[in-house]
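Visitor: Structure for this input, please:
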Amino acid sequence: MPKIAVILSGCGVYDGAEIHESVITLLALERGGADVVCAAPNRPQLHVIDHAVGEPTEETRNVAVESSRIARGPVTELSDLDVSEFDGIIFPGGFGAAKNLCDYAVNGPEMTVQPDVARIVEEARAQGKPLAFLCIAPVIAAKLIPGVRVTIGNDPTTAGHVGQMGAEHVECAVDGFVEDGERQVLTTPAYMLGPSVKYVAAGIEKLVERFVAICS
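Guide: Residues are numbered from 1 along each chain as shown. Below is the predicted model of the structure:
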């Protein structure tokens, strides 16, 4: 039974982890026989969005506390995550991946990656552990893994940013995924393409099935 870490970035598409993507990932992992641990950084969100109107509020929320809504309980703090205990790491998407795990949403290809996220990716690479990134999260791989092949679907602006960061972008349909076998990195567009949960689920489920097989 492979042990997989799922790195969350809050709770909600506009300011945290995308809930559909996260839940589909967790469900697919469990169905695939994986032992799953959810983790998130213990830090304030960049901001809080009222999801009913799509506008920022004056609230402040903690990424780990919000992630526990999806995990249905406490999550492991990212600073405490020991990569050596896991067989693979998955990053669901949502704007939180681009706001709370890195600052791509603010700085584009000049982005920086949250230090614990960078550490986890670098340690996974050094230990030969597979990585998977959903939706917008592949920009993290593009920034940290030179020459990696990833997909964010077919958005030309984001694909261009991926190239500027030294990665190779591959167009992909929502129900597919891209595997960089050399670097053991899997990516799928998810809600970068949508248009609804059943289409997003198709790509995530295929990716997770392959990911679990690699990690086993």
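Visitor: can you count the residues close to the residue nearest to Ser84 when sequence neighbours are not counted?
Guide: The shortest distance from Ser84 to any non-neighbouring residue, by C-beta to C-beta, 6 or more residues apart in numbering, is to Gln127 (6.4 Å). Every residue, glycine included, has its C-beta placed from N, CA and C. Number of residues near Gln127 (other C-beta atoms under 10 Å) recorded here: 11.
Visitor: How about the one 10 residues further on?
Guide: Residues lying near Ala137 (other C-beta under 10 Å) number 34.
Visitor: is it true that it touches Ala97?
Guide: Yes - between Ala137 and Ala97 there is a contact at 4.2 Å, judged by C-beta atoms under 8 Å.
Visitor: Spell out which residues are contacts of both of these two.
Guide: Phe91 (C-beta atoms under 8 Å, 6 or more residues apart in numbering).
Visitor: Centre of this structure to the edge, which residue is at the far end?
Guide: Distance from the C-alpha centroid of the chain, by C-alpha atoms, centre = their mean, peaks at Glu58 (26.3 Å).
Visitor: Quick check on the closest residue in space to Asp180 that isn't next to it in sequence: phi, psi?
Guide: Leaving aside its sequence neighbours, Asp180 sits nearest to Arg149 (C-beta to C-beta, 6+ apart; 4.1 Å). Torsion angles at Arg149 (phi, psi; degrees, to the nearest 10) stand at phi -90, psi 120.
Visitor: from what I can see Arg149 touches Cys172, true?
Guide: No - using C-beta under 8 Å as the test, Arg149 is too far from Cys172 to be in contact (10.4 Å).
Visitor: Quickly list what's touching both of the two.
Guide: Val178.
Visitor: what's the spacing between the residue sitting nearest the centre point of the chain and Met1?
Guide: Compute the mean C-alpha point of the chain, and by C-alpha atoms, centre = their mean the closest residue is Phe91, 2.3 Å away. Distance, Phe91 to Met1, using C-beta to C-beta, to the nearest Å: 21 Å.
Visitor: and if you look at Ala167?
Guide: On the measure of C-beta to C-beta, Ala167 and Met1 end up 32 Å apart.
Visitor: The two: who's more crowded?
Guide: Summary of the neighbour comparison: Ala167 and Met1, criterion other C-beta under 10 Å, with Ala167 having more neighbours (24 against 11).
Visitor: Excluding chain neighbours, what is closest to the more buried one?
Guide: Ala142 (3.7 Å).
Visitor: I'd assumed Thr158 was in contact with the one you found.
Guide: No - shown here, Ala142 and Thr158 do not form a contact pair, counting by C-beta under 8 Å, at 9.6 Å.
Visitor: follow-up on the earlier one: how about the contacts made by the residue nearest to the centre of the chain?
Guide: Counted by C-beta under 8 Å, 6+ apart, Phe91 has contacts 6-7, 97, 101, 131-134, 137, 140.
Visitor: Can you tell me, leaving aside adjacent residues, what's nearest to it?
Guide: In space, Phe91 is closest to Ala137, 4.2 Å off (C-beta to C-beta, 6+ apart).
Visitor: If we go by neighbour counts, what in whichever helix in the chain runs longest is buried?
Guide: Ranked by number of residues, the top helix in the chain under DSSP state H is helix 197-215. For helix 197-215, burial by neighbour count (16 or more other C-beta atoms under 10 Å) applies to 197, 199-208, 210-212, 214-215.
Visitor: one step back: which SS class is the residue farthest from the centre of the chain?
Guide: The three-state label given to Glu58 by DSSP: H, G, I helix; E, B strand; the rest coil is coil.
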